[in-house]
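1. fold the following.
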Amino acid sequence: MDESGFNVVYSALMALTIFAGSMEFVAVTLLLGTFNPLGALMLTFMVNARHLFYGISMLDKYRGTGLKKLYLIFGLCDESFSINYTAEVPKGVDKGWFMFFVTFLNHSYWVLGATIGGFFGSLVQVDLEGIDFVMTALFVVIFIEQWLKEKKHHSAIAGVGVSLLCLALFGSSDFIIPSMIMIFFTLTILKKQLGKEGENVCQ
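-> Residues are numbered from 1 along each chain as shown. The predicted model follows:
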């Protein structure tokens with residue numbers, strides 16, 4: 001933001017209201033380009049389409065959280081999803097407040113970091129080569145944790161299988177959106193079967 005000529009206030013406000021790291025980087029380009037709200041909408045959907053699956057995965061966990069659900073939905077990012085989805089809420093602790101404060105702290109750190117970066121970012125020179133792998137590592141850890149928790153792995157196998165198929169059909173640069181669409185429909189078709197298996201495990 002500093003290199004693009006924006007005041008630190010813009011960095012803070014974007015972190016506070018957008019709260020989607022990838023989209024905030026893209027937003028800098030959008031702010032400097034021609035006004036195109038439809039293009040911005042479609043680009044935002046493509047960049048953050050994975051949040052659809054975060055939302056579907058968190059439907060049961062967010063149930064019964066009252067008005068806190070509104071903020072939990074807004075604050076559903078990679079980090080808050082990975083913590084709230086896998087964490088075992090201690091006995092005696094309200095589930096809704098636990099997830100609320102995980103999300104609130106993540107959001108606060110992001111806003112604080114973006115604001116500090118806006119003030120001092122131009123003064124610090126850091127080599128960030130290879131940092132993109134952090135997100136890949138995060139998703140691999142989430143996948144492994146869920147694999148170890150579940151007795152049957154039909155949904156995980158379906159996700160991996162569909163992704164590999166789309167990778168072969170569409171190539172590495174265009175397979176993500178088709179994969180997510182096909183995974184969505186595959187899990188919708190298998191929903192009843194997966195639900196029955198979940199009930200049997202609980203029994």
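
2. quick check: pLDDT value at the residue nearest to the spatial centre of the chain.
-> Nearest to the mean C-alpha position of the chain, by Cα atoms, centre = their mean, lies Asp78 at 3.4 Å. Asp78 is assigned a pLDDT of 84 by the prediction.

3. ok, it to Leu38 distance?
-> 26 Å (Cβ to Cβ, to the nearest Å). For every residue, glycine as well, the C-beta is placed using N, CA and C.

4. sorry, back to before: excluding sequence neighbours, find me the nearest residue to the residue nearest to the centre of the chain.
-> Leu138 (6.3 Å; Cβ to Cβ, 6 or more residues apart in numbering).

5. mind listing what that neighbour touches?
-> Listed by Cβ atoms under 8 Å, 6 or more residues apart in numbering, the contact partners of Leu138 are Asp78, Glu79, Ser82.

6. ok, now how distant is the last one from Gly171?
-> Going from Ser82 to Gly171 by Cβ to Cβ gives 28 Å.

7. what about these two, which has more around it?
-> Between Ser82 and Gly171, Ser82 has the larger neighbour count (other Cβ atoms under 10 Å), namely 18 against 9.

8. how about the helix or strand hosting that one: buried residues?
-> Counting by DSSP states H and E, the element that carries Ser82 is helix 78-86. Across helix 78-86, burial judged by 16 or more other Cβ atoms under 10 Å covers Asp78, Glu79, Ser80, Phe81, Ser82, Ile83, Asn84, Tyr85.

9. same question, stretch 97-117
-> Residues 98-100, 102-104, 106-107, 110-111, 114-115, 117 are the ones in stretch 97-117 that count as buried (16+ other Cβ under 10 Å).

10. the inter-axis angle of the helix or strand where Val140 lies versus helix 78-86?
-> Per DSSP H and E, Val140 falls inside helix 133-149. Orientation of helix 133-149 against helix 78-86 (axes from the mean of the first three to the mean of the last three Cα atoms, to 10 degrees) gives an angle of 10 degrees.

11. and helix 133-149, what's buried?
-> Neighbour-count burial for helix 133-149, counted by 16+ other Cβ under 10 Å, picks out Ile142.

12. pLDDT below threshold where in the protein?
-> For the chain, the stretches flagged by pLDDT under 70 are 122, 125-126, 128, 130-132, 135, 191-203.

13. so where do the helices sit in it?
-> Ranges of helices in the chain, per DSSP state H, are 8-17, 21-32, 37-47, 50-57, 59-62, 68-74, 78-86, 95-120, 133-149, 154-170, 176-189, 191-202.

14. show me what the first one is packed against.
-> Packing contacts for helix 8-17, counted by 3 or more Cβ pairs under 8 Å, 6 or more residues apart in numbering; DSSP states H and E, involve helix 21-32, helix 95-120.

15. ditto for the shortest one
-> Applying 3+ Cβ pairs under 8 Å, 6+ apart, we find helix 59-62 packed against helix 68-74, helix 95-120.
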